[in-house]
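# Sequence and predicted model, in that order:
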Amino acid sequence: MINSLTLTNNTLLGLSVEELEQWAQDEGQHAFRGRQVYDWVYKKGVRDLDEISVLPKEWKHALRKKGVSIGRMRIVEKLEASDKTIKFLLETNDSEYVETVAIPTDKRLTVCVSSQIGCPMGCHFCATGKNGLRRSLQVNEILDQVLTVNEVFGRRSTNVVFMGMGEPLLNLDTVLNSIRCLNTDLGIGQRRITLSTVGVADTMPKLAERALDSLGRVQFTLAVSLHAPNQKLRETLIPSASQYPLKKLLEDCRHYFSITGRRVSFEYILLGQLNDKPEHAKQLVELLSGFQSHVNLIPYNPIEDEDFQRPTMKNMNRFKNYLQTRGIAVSFRSSRGLDQNAACGQLRRRQESIH
């Protein structure tokens, strides 16, 4: 049983219809009031209790006095690129900043969501980790990113990728709860949800087991960021790799597959003249030999303060063709929003520099 005193941060977004019914009853209201709140929060996407016109005014007044809110964030900035990709900068109730990206096509609307404010992993090619980790996001703050995109585009999001700011496995329970809400409350199928991780030691088997416990079955995609085909190069790009060797990471990926039955995808950022050479492609094939997997090749998006280069199209195609001819399922992830600071964390860093 929940009541108004146990609401996380006094917010309603993130609660199931059953929880909202129980909460309404604990508030001295009929259960159907909870269902009304559910419909207005998830289906109509309201931002404020005052917008829920069907609720008694006296109750809304009492809720405001208690500090209860829906739990939406404020849109600080919205940048649209020439390809219609939109990057949002959202402000939390404690004046932190969250980035999310909407990637529209004719048939899809994909939301790249953040799971933390900042990131502790410190990957050298990523702008998010330059200022470290502030805190992890709450369920309402993750869901809000999708609701904001729905609101601006006037259509429902079809796909969600946890590839924004932060390391999802360091906010594991909240991320899994968010996936449940995205699936059950926002109607996004698990197979259209991807969780991307650079890898956290001793966490992947825990992810599999907790996902089964909380979701019943695991159908979302786990995407592991490799970015290098050998341990030495990976450590130069990802500082945490020194505590989590590639061999152990791949063992955990196999363990994850044995528990869930879901193949693992691997992400590989191509950095010009650093990890995009023929010998790197050969090493990657050897590394993934016998693995039931898929490789996403991602051309690097330049960020400030780093000298990494975007790979040439020739090198990109050569790398991809080598993997394909060796039986590795591989594809390019097309870069979107390059004219609007597409790399994660850049918009937030710019906003914080102003303040």
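That came through fine.

# Now do the SS call for residue 121.
Following DSSP: H, G, I helix; E, B strand; the rest coil, we place residue 121 in the coil state.

# residues touching it, list them.
129, 167, 198, 238, 239, 240 (C-beta atoms under 8 Å, 6 or more residues apart in numbering). Any C-beta I mention is one placed from the backbone N, CA and C, and that applies to glycine too.

# PyMOL command for the buried members of those?
Entered in PyMOL, the line below selects the buried ones among these, by 16 or more other C-beta atoms under 10 Å:
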select buried, resi 129+167+198+238+240
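
# Pull the most distant pair out of the contacts of residue 121.
The two members of these with the most space between them (C-beta to C-beta) are 167 and 239, at 12.4 Å.

# circling back to that earlier point, which one of the contacts of residue 121 is nearest to residue 271?
Using C-beta to C-beta, these come closest to residue 271 at residue 238, 12.1 Å.

# just the helices in the stretch 151-300 of the chain please.
For the stretch 151-300 of the chain, applying DSSP state H, counting those that start in this stretch gives helices covering 172-184, 204-215, 231-237, 246-260, 278-287.

# Restrict the second one to CA atoms and write it as CSV.
It refers to helix 204-215. The C-alpha trace of helix 204-215 is given here as CSV (Å, rounded to 0.1, in the frame of the first residue of the first chain):
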residue,chain,number,x,y,z
MET,A,204,25.1,-7.4,-16.1
PRO,A,205,23.9,-10.7,-14.5
LYS,A,206,22.1,-8.6,-11.9
LEU,A,207,20.4,-6.7,-14.7
ALA,A,208,19.1,-9.9,-16.2
GLU,A,209,17.8,-11.3,-12.9
ARG,A,210,16.2,-8.0,-11.8
ALA,A,211,14.7,-7.4,-15.2
LEU,A,212,13.0,-10.8,-15.1
ASP,A,213,11.7,-10.1,-11.6
SER,A,214,10.4,-6.6,-12.3
LEU,A,215,9.2,-7.1,-16.0
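
# Run through who's touching it.
Under C-beta under 8 Å, 6+ apart, the answer for helix 204-215 is 169, 172-173, 176-177, 179-180, 183, 190, 195, 197, 218, 220, 222, 252-253, 255-256, 259-260.
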